[in-house]
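**Student:** Just to be clear, the model below is a prediction. Sequence and coordinates:
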Amino acid sequence: MTQRIGQHAGTGTAPRAGISEHTAATRSVLLVPSLPGTLATGLRIAAAARAAELAGQPALAAAYRDLAPGHTAEDARDDARTAAVLAFTDRVTLAPDRAGADLLASLGAQGLDAPAVVALAQICAFVAYEARVAAGLALLAGDPAARTDGPPVADRTTPGAGDAAPFTLDQLTWQPRIPAVDADALTAAQRAVIDAHATLSTASPYYRTLLHDPAALDHRTHVYNAVMYGRGGLPRAERELATLVVSRVNGCVYCASVHGRKYAQLSRDEARALRVLRDGADAFTAPGTPQAAEAGTDAVADARGSAVARFAEAQTRTPPEAGARHLAALRAAGLDDAELTDLVHAVALFGWANRLMLVLGDAHHPGSPLPDAGSPRTDARESCRGTSAPEPRTGDA
């Protein structure tokens with residue numbers, strides 16, 4: 001499975017250094033950890049397989065089950081707990097912006113503690129990433145199996161953009177729904193992860209929430225940094241554009257705010273960033289065309305930006321919907337194989353990032369009331385990447 005997910009078969013362009021290795025390590029620590037805690041190995045595998053099937057990747061689901069044959073049936077004997085885990089998985093996979101605090105409460109009612117809840121959220125979010133990498137790389141390779149026809153889901157909805165979410169370029173805060181780890185009481189493993197990454201900080205309630213599973217946070221940070229900050233390949237502005245569009249589709253107001261500002265900064269076009277928040281890919285539609293009239297947009301034509309944004313929108317759906325026409329538009333706009341590989345990973349990465357932000361906490365405007373999540377209040381402003389001035393280095397997505 002590592003070969004299938006981690007390599008670009010067909011164009012000769014491999015993912016950036018470290019991505020395949022840390023993707024495989026993330027898979028291992030999430031699905032078959034040495035100490036699974038209150039989220040048994042079988043339930044972890046069952047959730048991952050369910051999420052992969054919903055994302056149109058049955059082969060990936062089968063590969064997950066092969067990691068621990070026999071565990072699923074043994075660990076799923078508690079029907080109520082299994083039902084709660086799978087209900088959570090369905091919601092996070094299909095409509096993450098509708099994964100409210102009630103879902104977390106349902107897990108707690110079945111005996112899952114904070115580390116188990118964070119691990120389950122990571123599993124669902126990680127599979128969203130891995131499924132989109134698999135689909136995207138297959139598309140680039142011209143693999144007929146790139147079609148991702150997932151099972152019919154009666155209550156499947158299109159998240160985010162259709163709900164008039166209050167997207168903004170304002171700096172927001174983020175408050176966890178479960179108690180974050182106490183910054184003054186870190187274990188050796190938790191401290192080692194913080195110390196290993198300059199982009200991590202205990203000032204961030206987001207990171208302290210993810211520190212409930214330090215090994216997963218460690219490997220995820222390696223993947224995130226390689227995808228978003230690696231030199232060469234897809235220009236940084238276009239990586240930020242892709243993550244902005246993904247965040248808009250998924251309804252992640254917090255991530256859209258951070259990456260909208262990053263895109264505005266790197267592209268030197270705040271007006272365009274605001275149009276993307278409002279119109280999505282239609283922000284790049286030429287004025288005077290039927291598409292522009294239908295969208296009501298005042299955009300200036302940009303074939304490359306349009307191709308990147310439309311691919312990001314389609315690939316973010318569940319199952320992913322990007323196809324040959326999206327790839328043809330990207331190639332016609334001048335993207336080479338290395339840039340296309342970067343784009344696939346950036347879009348997939350924010351299927352992971354958005355789900356963690358949406359499921360584990362809530363975004364707030366500074367000064368607005370914050371709910372009591374059982375953890376000390378913090379007004380720390382977070383950056384989805386954690387390293388950009390003037391925003392504090394206190395978070396990523």
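**Tutor:** Thanks, I have the structure now.
**Student:** Could you find the closest non-adjacent residue to the residue nearest in space to the middle of the chain?
**Tutor:** Geometric centre of the chain, nearest residue: Trp352, 2.0 Å, by CA atoms, centre = their mean. Among residues not flanking Trp352 along the chain, Tyr129 sits closest, at 3.8 Å (CB to CB, 6 or more residues apart in numbering). Heads up, the C-betas are built off the backbone N, CA and C, glycines and all.
**Student:** Buried residues in the strand or helix carrying the one you found, which are they?
**Tutor:** Assigned by DSSP states H and E, Tyr129 belongs to helix 114-140. Neighbour-count burial for helix 114-140, counted by 16 or more other CB atoms under 10 Å, picks out 114-140.
**Student:** Wasn't Asp362 part of a helix?
**Tutor:** No - assignment of Asp362 by DSSP: H, G, I helix; E, B strand; the rest coil gives strand, placing it outside any helix.
**Student:** Next one: it from Ala189, what distance?
**Tutor:** Distance, Asp362 to Ala189, using CB to CB, to the nearest Å: 27 Å.
**Student:** Comparing those two, which shows the higher neighbour count?
**Tutor:** Shown here are Asp362 and Ala189; by other CB atoms under 10 Å, Asp362 has more neighbours (19 against 12).
**Student:** ok so, going back, so what's the residue nearest to the centre of the chain scoring on pLDDT?
**Tutor:** Predicted confidence (pLDDT) for Trp352: 98.
**Student:** which secondary structure elements does the helix or strand hosting it contact?
**Tutor:** For Trp352, the element it lies in under DSSP H and E is helix 337-360. Other helices and strands packing on helix 337-360, by 3 or more CB pairs under 8 Å, 6 or more residues apart in numbering; DSSP states H and E, are helix 101-109, helix 114-140, helix 205-210, helix 214-229, helix 236-250, helix 253-267, helix 303-316, helix 324-332.
**Student:** Serialize the ones you listed to JSON lines and add fields for distance to Ile194.
**Tutor:** Output for the helices and strands packed on helix 337-360, formatted as JSON lines (distance: least, CB to CB, whole Å):
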{"stretch": "helix 101-109", "distance to Ile194": "24"}
{"stretch": "helix 114-140", "distance to Ile194": "16"}
{"stretch": "helix 205-210", "distance to Ile194": "8"}
{"stretch": "helix 214-229", "distance to Ile194": "9"}
{"stretch": "helix 236-250", "distance to Ile194": "24"}
{"stretch": "helix 253-267", "distance to Ile194": "21"}
{"stretch": "helix 303-316", "distance to Ile194": "31"}
{"stretch": "helix 324-332", "distance to Ile194": "38"}
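**Student:** Of those, give the one that comes closest to His22.
**Tutor:** Closest of the helices and strands packed on helix 337-360 to His22 is helix 214-229, at 4.0 Å (criterion: CB to CB).
**Student:** any idea of the angle that closest one forms with helix 114-140?
**Tutor:** Angle between the axes of helix 214-229 and helix 114-140 is 40 degrees (criterion: axes from the mean of the first three to the mean of the last three CA atoms, to 10 degrees).
**Student:** what angle do whatever helix or strand Leu274 lives in and helix 253-267 make?
**Tutor:** Per DSSP H and E: Leu274 is located in helix 270-279. When the same axes, to 10 degrees is applied, the directions of helix 270-279 and helix 253-267 differ by 150 degrees.
**Student:** In CSV, please show the C-alpha coordinates belonging to helix 270-279.
**Tutor:** Presented in CSV, the C-alpha positions along helix 270-279 are these (Å, rounded to 0.1, in the frame of the first residue of the first chain):
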residue,chain,number,x,y,z
GLU,A,270,-6.4,40.8,-1.8
ALA,A,271,-9.3,41.7,-4.0
ARG,A,272,-8.9,38.3,-5.8
ALA,A,273,-8.7,36.5,-2.4
LEU,A,274,-12.0,38.1,-1.3
ARG,A,275,-13.6,37.1,-4.6
VAL,A,276,-12.4,33.5,-4.1
LEU,A,277,-14.0,33.5,-0.6
ARG,A,278,-17.2,34.8,-2.2
ASP,A,279,-17.3,32.9,-5.6
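**Student:** buried stuff in it?
**Tutor:** Quick answer for helix 270-279 (16+ other CB under 10 Å): 272-277, 279.
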